[in-house]
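Participant: Got a sequence here, can you build the structure:
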Amino acid sequence: EREETVRCIPDVPIQVSLNLNLPAYYSLQNTGGWAYINEQQSGTRGLIVVRNTTGFKVYDRNAPHICPDDQTTLQVQNDIKIVCPKDGAEWILITGEPIKNVQISPKTYRYSYDANSGILNIFN
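Facilitator: Residues are numbered from 1 along each chain as shown. A predicted model of the protein is given here:
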């Protein structure tokens, strides 16, 4: 959804379907819960999915402010923030708001969620 990321982040198709009723995704049933997603078609580094008060946030794990290398895969720390291991940039996990060493938020993706079936579809 965001175009403010650096231009060297690969633009790849994102098309993932998650059944939140499966044990691997139980954490996504509660606000503040999160999971790394490394399914096929989940980008070049995978995704971070977070349950917030209004639905979900789906972040690309490529750092949005520097070109990808082996130290720029975003990581969740202490269940409250996202961190870039290369330069220590930080974002609030639940909102993606920048909090340290960076001005832009991680790239996000759209989703649709069917609460009856527990299916979360992520796409770009």
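Participant: For the rest of this, base every contact and every neighbour count on C-alpha atoms.
Facilitator: Will do.
Participant: Okay, and the beta partners of Leu18?
Facilitator: Leu120 (DSSP bridges).
Participant: okay, now it: neighbour count?
Facilitator: Leu18: 16 surrounding residues under other Cα atoms under 10 Å.
Participant: Ok, the one 5 residues further on next?
Facilitator: Using other Cα under 10 Å as the criterion, Pro23 is surrounded by 8 other residues.
Participant: now swap in Thr53 and tell me
Facilitator: So Thr53, with other Cα under 10 Å, has 10 neighbours.
Participant: what's the closest non-adjacent residue to it?
Facilitator: Excluding the flanking residues, the one nearest Thr53 by Cα to Cα, 6 or more residues apart in numbering is Thr31, at 5.9 Å.
Participant: Could you list the low-confidence segments of the protein?
Facilitator: Counting by pLDDT under 70, the low-confidence segments of the chain come to 1-6.
Participant: Show me the strands in it, by range?
Facilitator: 15-19, 34-37, 47-52, 55-60, 75-77, 81-83, 90-92, 98-100, 110-114, 119-123 (DSSP state E).
Participant: Mind checking which residue lies nearest the centre of the protein?
Facilitator: In the chain, the centroid-proximal residue (Cα atoms, centre = their mean) is Tyr59; its distance is 2.1 Å.
Participant: What separation do you get for the nearest residue to that one once chain neighbours are set aside and Asp114?
Facilitator: In space, and not counting its chain neighbours, Tyr59 is closest to Thr108: 4.5 Å by Cα to Cα, 6+ apart. Going from Thr108 to Asp114 by Cα to Cα, to the nearest Å gives 19 Å.
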